[in-house]
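Student: Can you look at this prediction? I've put the sequence above it.
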Amino acid sequence: MSFNWPDVPFTGAEVEAFVDAYKELAQTIYDDWDDDPYHIYSFPVDGSENGGEPISRLKAPFRKRETIKILLEYGLIYASFIVKQRAGNSGPGTDFELGNSPLTPALTIDERLNLFKDLGCVFTKEAMECAYRKNNGGKSPPVDLNDLDIFPDGGIPNSDVDPDDTPLAENDPPEDCPDKNTRENFYLGLGNIPPFSACYRDIKAKLLDRYLSCDDSVFTASDMGGKKDSLKNGLQEFMDNYQDGQKQCNLRGQCVTHKTNITNNFTPEQKSRMGAGPTDIIWQASFYGSAGQRLCLHTMFGNAIVITNSSGTVLRVLDDFDFVYGNEADRPDASYSGQPNPGKKPGLYFDPAGYQLDRDDNPVPVGHPNAVGSTVYPPIDNLDNLPNNKSPWSPSEVGRNIVGSNYIGKNGKGQPVPINISFE
Amino acid sequence: MKTTYSLTLKHYNGGSTPNFIQDSLPGVGVSIGSSLSVYCIHQFRDVMDVHAYGKINEKTAKYNILINKLFGTEDYIHFDSEPAGVSTTGYLDIGETQLGYYLEDVTKAMLLAILDGDSKRTANIGIGTSAAKKAIFYNTLCKDDFKDYTIKPWINWNNSVGICTPTSISRTNNVAIVTTTPAHGMTTSYDDWGIIMNLNTGIATSFNISTTTYPNGVPIKIIDANTFAYKNTGINTETTAVVGIASIQVGWGGTSNNLHLYFT
C-alpha cells in the first residue's frame, strides 16, 4: 500500500533530497513491518517472562502499522520544514511576515466546518436559531418550519411503513431451530457495540446470528454495512503483501501458505459459477499468518477463496461460516465455499474419528489438555476449568462454547452460512 | 478519521492547547474578510529532547488494556469518532494533544534516522543502510527497557558541547538570569542552545536542572555574551553569587523552527 503524501511546498537541494529519503525510509518501514519482529517485539527465551508471549518493544502508541503510516504521512511537512530552515532557503512558512508567507494546508469541508465551529460559527439550524435569538432579542423570532403543516399527511414520509402490516412471519426461523437464549442474544448484541465491534466482530456476530438462527441464506456485500470497503482494503493489502505460495513458519516448523493460485483447478463453467471471469485468478488464502492476523481476517475467515483480476485487484471472497467444533458445511454436490444451500455435517471435533492437534501437530483426543486452538466440550454452560489456562471471559471462548454447546445439546441449532462478498 | 484529529495532524494548534499567533501579535489571530482565517504557529512541544511520549490518557489506557487482554491485540489508538448513542465517551479518545505528541515523536524519529551525525543543525542525509536507519527509527520510539544505547539517538543526542561557569544568578517571575565569567561562548547564530545547571550550594541549587527530567537540558535565550535566561519555577531571588558549572547542550531549535500557518 502506498502512502498518501502531502504536497511539500519547500524547494532546494537539501530539502528535496530529504523528502526523497524520508519517503523511501517510510515505505521501507511500512513494507517491512511484518518482517521486523525483533524491532517491534522481544521474544522471551525461557518462556517464563510474560507467559512466554512476545513483549512489545515499542511504546503503546507506535505498535500498529496503520498508526505509524498516518503519523509518517503527516510528519513529512514539519520534518521537511526543519531541514528547509537549516538549509537557509526562504519560502512558504519561512522567514515569516504576516500576510505573505504562512503555509496554508488544504482542508476538507469537514475540517473547515470544524475550524469555523471552533470560532463559534456553528452552521446548524439550532445553533443559528440560538444565535439569532440571542442577537435579536427585540425582534420577532424566526418562524419554525416544523410548526407549519406543510405535508398533507402531517409530515410522515410516504416511505414509512405501518408496523402492524409488516409480514413478520416470513422471517420466522424453521420450527426445528429453537430460539436463541438470553446468553446467546447478549453475546450477539455485545458484538455490535464498539469497541467490541472492531476487527469485524460485528460482522461475525451477524454471521453467528444466522448460524444460530439456522438461516443459510448467502451472506453478501449488502450485509456488510459500512465495513465492505474496509474488508476489501484489508484483503487487498493481504494479497499485495504476499507472493504466490509464500509461506510463514514458526520455530517448530509449522507453516501456513498465505496464498496459492488454484485457478487451474476449475473449469470455465466452475469459474463462472463462482463469479470469476475467464482471466480472473482464484486464490486459496490462509489468514493465519502475521498479516492476516493483523488485518483481523483470521477469525473472520480462517481460510477462504479470494478472486482477483489479472492485475491482482480483489474482486470477491468466498467462504463458509462453519465450525470444526460445531456444524461444518457439507457439499457432496461438489459445490464450492460461498455457494447457496450448503448441507451440514458434524465438525471435525465431533466426527467419530475426530481429533485435535497439540502444539507439535500431533493428534490428541478432543478436549485433551494438550490440545491447542478451540476447546469446546461439556460442561455446556460452565466455562470454569478451561484447559490451557484460557480465560473463561474471553469472548472467543464464550463464542466457541456457544457453538459447541448447541452441537452437544443436539437441539438442531447451527447452520453453516455461505459467504459470497463481491467488491465489484 | 475524527475531524479534529485530522486538523491536529495538519499542525492546527486549536485543540486543548491553542497556540494562536495572536499570543505574540495581539489582534491578528483571526481574520474576517471574504473568508475566515486562523493564523497559528507549529513548533515541537519539547525543543531539546527526543524521548518519545508513550502515554495514553488514563481512561483510554485502562479501557484498552482490558480490551486488549480479552482480544489479544495491542490496538491502543482509534482515529475514528466515537459512535453516537454509545456510552463509551472518553474511552476511545486519543486526545488532540496526545496525538500531536505522537506526531512529533515520529517526526523526530525520522529526522534522527535520516540526517547525518547526531542530526543536529545539519540538513545533510546521513550514510547508512535502510536497516540501520530503521533501527534508529524504532530505537527512538521504544520503551526504556529496550533502548539501544550504542546507536542513535541515545548514543549522542544528550552529549554536552561545552561548559560555562555561572558566577551569579537571579530569578524573577519564574525566569532565571545567569551571568557567566568568562563569556558563555554560545553564538546567537543558533537558537537551539540549552543548558544543564549544576550549582553547588544553598538556594543556588534550586536553579539546578535535573537530567532525569531534562536529559538534554532546558532551552535558553541568549541575552548577551555573558548572560542568558531560562524558565525556572521558584521564588523571586535577588542576584546571588554562585559556584558551579553549566553544561551547554544543543537541541532542535527555537523560533527559527516556528512553522507559520494559516487555515482558511
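Tutor: Right, received. Where do you want to start? Because the structure is a prediction, the values reported are computed rather than measured.

Student: what residues are up against A:Asn114?
Tutor: Counting by C-beta atoms under 8 Å, 6 or more residues apart in numbering or on different chains, A:Asn114 makes contact with B:3-4, B:7. C-beta: built from backbone N, CA, C; applies to glycine.

Student: if we go to 10 Å?
Tutor: By C-beta atoms under 10 Å, 6 or more residues apart in numbering or on different chains, the contact list for A:Asn114 reads A:107-108, B:2-4, B:6-7, B:12, B:14.

Student: from the residues you listed, which is closest to A:Tyr336?
Tutor: Within the contacts of A:Asn114, proximity to A:Tyr336 (C-beta to C-beta) peaks at B:Lys2, which comes in at 41.3 Å.

Student: quick one: the closest one and B:Ile94, what's the gap?
Tutor: According to C-beta to C-beta, to the nearest Å, B:Lys2 and B:Ile94 sit 8 Å apart.

Student: And these two? Which one has more around it.
Tutor: B:Ile94 (23 against 19; other C-beta atoms under 10 Å in any protein chain shown).

Student: My read is that the more buried one contacts B:Phe79, right?
Tutor: Yes. When contacts are counted by C-beta atoms under 10 Å, B:Ile94 is listed as touching B:Phe79 (7.2 Å).

Student: which neighbours do these two share?
Tutor: A:67, B:2, B:5.

Student: and the gap between the second one and B:His78?
Tutor: This means B:Lys2. Relative to B:His78, and taking C-beta to C-beta, B:Lys2 is found at 9 Å.

Student: Walk me through the domains of chain A.
Tutor: Annotated domains of chain A cover A:13-106, A:177-422 [automatic domain parsing].

Student: and those as CSV, adding distance to B:Asn208?
Tutor: Formatted as CSV, those follow (distance: least, C-beta to C-beta, whole Å):
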stretch, distance to B:Asn208
domain A:13-106, 28
domain A:177-422, 45
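
Student: who wins for proximity to chain B among those?
Tutor: domain A:13-106 (2.9 Å; C-beta to the nearest C-beta).

Student: Now do that closest one: distance from first to last residue.
Tutor: Using C-alpha to C-alpha, to the nearest Å, one end of domain A:13-106 lies 25 Å from the other.

Student: tell me the mean pLDDT for it?
Tutor: Mean pLDDT, computed over domain A:13-106, is 82.

Student: what's near enough to touch A:Gln415?
Tutor: A:173-174, A:177, A:210-217, A:321-322, A:326-327, A:329, A:342-344.

Student: cutoff 6 Å now
Tutor: Contact analysis of A:Gln415 by C-beta atoms under 6 Å, 6 or more residues apart in numbering or on different chains lists A:214, A:216.

Student: Repeat that for A:Phe287.
Tutor: A:297-298, A:301.

Student: how many other residues sit next to the closest residue to it other than its chain neighbours?
Tutor: Of all residues not flanking A:Phe287 in the chain, A:Leu297 sits nearest, at 3.8 Å (C-beta to C-beta, 6 or more residues apart in numbering or on different chains). Around A:Leu297 there are 26 other residues, counting by other C-beta under 10 Å.

Student: what's the answer for A:Leu115, then?
Tutor: Neighbours of A:Leu115 under the rule other C-beta under 10 Å: 21.

Student: Nothing else from me, thank you.
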